[in-house]
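In: 3D model of this:
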Amino acid sequence: MIRIAVTGAAGRMGAAIIAAIIRNPATELVGALEREDSPALGKDAGELAWIDKTGVKVTSDAARAFKKADAIIDFSAPEAAMNTVGDAIASKKALVIGTTGFSLHQREEIKELAKNGRIVMAPNMSIGVNLLLKLVADAARVIGHEYDIEIIEAHHRLKKDAPSGTALRIAEVIASTLERDLEKVAVYERKGIIGERRPEEIGIQTIRAGDIVGDHTVIFGCTGERLEITHKASSRATFAEGAVKAAVWVSSRENGLYDMQDVLGLK
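Out: The predicted structure follows:
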């Protein structure tokens with residue numbers, strides 16, 4: 001039995017993860033963390049997930065939330081997640097990070113800290129999206145140099161970062177496969193008289209509307225045809241179940257920084 005604590009417990013993803021932990025016969029919820037001003041403090045974590053009471057109270061005390069855990073799942077905000085990384089390393093807890101919006105400096109810091117801890121970090125925990133990453137790498141390897149490449153992502157109106165971490169990861173995979181510097185070829189906005197599209201561009205476009213859980217489409221286009229690879233999420237449960245799967249997997253691994261490709265054996 002893998003004992004798991006959840007940060008961002010009162011958020012949409014936090015509630016979905018709590019439910020996934022409770023449903024999984026191989027895992028047990030032992031901690032739920034929230035910020036100091038959260039109205040969820042003191043509530044039973046099971047109530048946040050619309051499930052029977054679990055006996056685990058939501059707290060703002062990280063030491064209390066993580067004390068009994070073998071692994072921590074973090075879907076919060078970048079600054080809060082960096083604190084969780086430090087806590088996990090210090091207490092030798094395995095860590096799964098689904099938080100997005102990290103700066104390049106923060107990502108490099110996590111990579112360095114992972115030398116002394118077990119961390120899975122991925123912008124998207126779903127099996128489908130991680131298969132998409134493999135498919136777009138294969139497509140880029142075969143046709144990428146001859147085709148224009150565009151990425152379109154859509155999420156709900158409350159999402160704070162843009163483009164999504166998943167869209168950026170897709171772009172990174174394609175750029176790496178084609179040996180392009182993403183910093184130089186990424187195009188995030190087009191407006192006005194911008195001239196013809198450069199062949200090496202990787203376009204990344206953002207849509208925010210309603211309650212879209214998460215849609216990602218990669219377009220490979222040339223004169224005469226286009227290939228589109230799309231993933232659409234209809235429920236956060238798919239991300240939550242992937243995160244729990246990652247927590248179980250990383251709990252028995254050696255120190256290092258992993259991603260969902262490692263968890264799913266896609267490398």
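In: tell me the buried residues in stretch 62-80?
Out: By neighbour count, with 16 or more other Cβ atoms under 10 Å as the criterion, the buried positions of stretch 62-80 are 62, 65-66, 69-77, 80. Just so you know, the C-beta spots here come from the backbone N, C-alpha and C atoms, and that holds for glycine as well.
In: what about the stretch 1-150 of the chain, any weak spots by pLDDT?
Out: Within the stretch 1-150 of the chain, no stretch has pLDDT under 70.
In: now the strands for it?
Out: Here the stretch 1-150 of the chain has its strands, by DSSP state E, counting those that start in this stretch, at 2-7, 27-33, 58-59, 71-74, 94-97, 118-121, 148-155.
In: could you dump those to a markdown table with distance to Ala15?
Out: Formatted as a markdown table, the entries for those read as follows, by distance: least, Cβ to Cβ, whole Å:
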| stretch | distance to Ala15 |
| --- | --- |
| strand 2-7 | 9 |
| strand 27-33 | 10 |
| strand 58-59 | 11 |
| strand 71-74 | 12 |
| strand 94-97 | 16 |
| strand 118-121 | 21 |
| strand 148-155 | 17 |
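In: tell me which of these lies nearest to Leu168.
Out: The minimum distance between Leu168 and the strands of the stretch 1-150 of the chain falls on strand 148-155, with 8.9 Å, by Cβ to Cβ.
In: contacts for that closest one next, please.
Out: By Cβ atoms under 8 Å, 6 or more residues apart in numbering, the list of residues contacting strand 148-155 from outside reads 140, 163-164, 166-167, 170-171, 174, 197, 199, 201-209, 212-222.
In: swap in stretch 174-191?
Out: Under the criterion Cβ under 8 Å, 6+ apart, residues 136-137, 140-141, 144-145, 149, 163, 171-172, 198, 200-206, 218 lie in contact with stretch 174-191.
In: just the buried members of those residues?
Out: Buried subset of these (neighbour count, 16+ other Cβ under 10 Å): 136-137, 140, 144, 149, 163, 171, 201-206, 218.
In: which one of these sits closest to Gly14?
Out: Here the nearest of the buried ones among the contacts of stretch 174-191 to Gly14, counting by Cβ to Cβ, is Pro163; it sits at 22.8 Å.
In: pretty sure the closest one is touching Ile204, no?
Out: Yes. Contact between Pro163 and Ile204 holds when scored by Cβ atoms under 8 Å: they sit 4.9 Å apart.
In: neighbours of Glu112, just the number please.
Out: In terms of burial, Glu112 registers 10 neighbours under the definition other Cβ atoms under 10 Å.
In: now swap in the one 4 residues further on and tell me
Out: Residues near Asn116, counting by other Cβ under 10 Å, number 12.
In: contacts only, for it.
Out: When contacts are counted by Cβ under 8 Å, 6+ apart, Asn116 touches 89, 255.
In: do the one 4 residues further on as well
Out: Shown in contact with Val120 (Cβ under 8 Å, 6+ apart): 95-97, 246-247, 249-250, 258-260, 262-263.
In: in strands, which of these fall?
Out: 95-97, 258 (DSSP state E).
In: so which of the contacts of stretch 174-191 are in helices?
Out: Among the contacts of stretch 174-191, the ones falling in helices (DSSP state H) are 136-137, 140-141, 171-172.
In: pick the one among these closest to Val58.
Out: Ranking the ones in helices among the contacts of stretch 174-191 by separation from Val58, with Cβ to Cβ as the measure, puts Glu172 on top at 34.7 Å.
In: show the contacting residues for that closest one.
Out: By Cβ under 8 Å, 6+ apart, Glu172 lies in contact with Leu182.
In: still on that earlier bit, buried among the contacts of Val120? Need that as a selection in ChimeraX.
Out: Buried residues within the contacts of Val120, by 16+ other Cβ under 10 Å, are selected in ChimeraX with:
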select :95,96,97,246,247,249,250,258,259,260,262,263
